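Student: just a sequence and a predicted model for now, questions to come.
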Amino acid sequence: MEEQTDSTFIKNISIVMAILVVFTISIAFIARDLGFKDDSANNPSRLTTAEERIRSVADVYTGEDGPAPVKPAETAVQAVAFDGSLDSEMIYNSVCAACHTSGVAGAPKPGSPEMAQRAEKGFDALMQSAVNGLNAMPARGGRADLSDEQVKVSIEFMIQ
């Protein structure tokens with residue numbers, strides 16, 4: 001009796017599997033017929049749209065005689081920080097104080113022995129260090145728009 005039940009079970013499973021395989025193959029053929037078909041090669045409007053999208057935005061007109069000669073750049077007036085103010089305390093508080101009041105990265109605090117030690121090297125050496133940068137200090141304290149005169153007055157303020 002068990003053999004008959006087993007053979008019936010195998011027969012039923014085989015039928016279900018066959019039906020599923022036929023169903024899967026039918027779905028594949030239907031999807032292939034209904035699916036996306038890329039006909040861009042035969043569609044002129046798609047080609048035109050693609051050409052418009054990759055076209056350069058502007059052309060360079062070089063004139064009838066060819067490109068114009070390049071003129072040397074005119075010297076631009078460089079903006080000076082704080083409208084050229086020589087208020088040493090304001091410059092120090094705005095630019096230098098961020099590091100020099102707390103001694104960040106070895107920056108000497110005004111009035112400290114380290115600042116006195118650096119001042120012993122001479123004002124020109126301090127000016128060179130401030131303009132070009134020293135150790136962690138960037139050139140001109142990170143403000144490229146500071147004039148030499150502004151750097152000078154801020155150094156004078158710090159070594160008072």
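Tutor: Good, I have the coordinates. Numbering: from 1, shown residues only.

Student: got the contact list for residue 87?
Tutor: By CB atoms under 8 Å, 6 or more residues apart in numbering, the contact set of residue 87 is residue 153. Just so you know, the C-beta spots here come from the backbone N, C-alpha and C atoms, and that holds for glycine as well.

Student: where does the residue nearest the centre of the chain land on pLDDT?
Tutor: Closest to where the C-alpha atoms of the chain average out (CA atoms, centre = their mean) is residue 142, at 20.0 Å. Note on residue 142: pLDDT of 85.

Student: now it: closest residue in space that isn't a chain neighbour?
Tutor: Closest residue in space to residue 142, ignoring its immediate chain neighbours: residue 95 at 7.2 Å, by CB to CB, 6 or more residues apart in numbering.

Student: how close does the residue nearest to the centre of the chain sit to residue 30?
Tutor: Per CB to CB, to the nearest Å, residue 142 is found 69 Å from residue 30.

Student: can you list phi and psi of residue 103 for me?
Tutor: phi 80, psi 30 (degrees, to the nearest 10).

Student: likewise for residue 134?
Tutor: According to degrees, to the nearest 10, residue 134 has phi -150, psi 130.

Student: what's near enough to touch residue 12?
Tutor: Applying CB under 8 Å, 6+ apart, no residues contact residue 12.

Student: report the contact partners of residue 99.
Tutor: Contacts of residue 99 (CB under 8 Å, 6+ apart): 105, 107, 137, 141.

Student: switch the cut-off to 6 Å
Tutor: residue 107 (CB atoms under 6 Å, 6 or more residues apart in numbering).

Student: what strand or helix carries it?
Tutor: helix 97-100 (DSSP states H and E).

Student: in stretch 121-131, what counts as buried?
Tutor: Buried residues in stretch 121-131, counting neighbours by 16 or more other CB atoms under 10 Å, are found at 126, 129, 130, 131.

Student: for stretch 84-101, same thing?
Tutor: Of the residues in stretch 84-101, those buried (16+ other CB under 10 Å) are 88, 91, 92, 94, 95, 96, 97, 99, 100.

Student: for that stretch, give the mean pLDDT please.
Tutor: 85.

Student: and the contacts of stretch 106-116?
Tutor: Contacts of stretch 106-116 (CB under 6 Å, 6+ apart): 99, 100, 103, 118, 158.

Student: what's the most distant pair in the residues you listed?
Tutor: For the contacts of stretch 106-116, the maximum inter-member distance is 14.0 Å, found between 99 and 118 (CB to CB).

Student: got TSV for the buried residues of stretch 84-101, with distance to residue 17 too?
Tutor: Listed next are those as TSV, based on distance: CB to CB, whole Å:
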residue	distance to residue 17
88	93
91	88
92	88
94	83
95	82
96	84
97	83
99	79
100	84
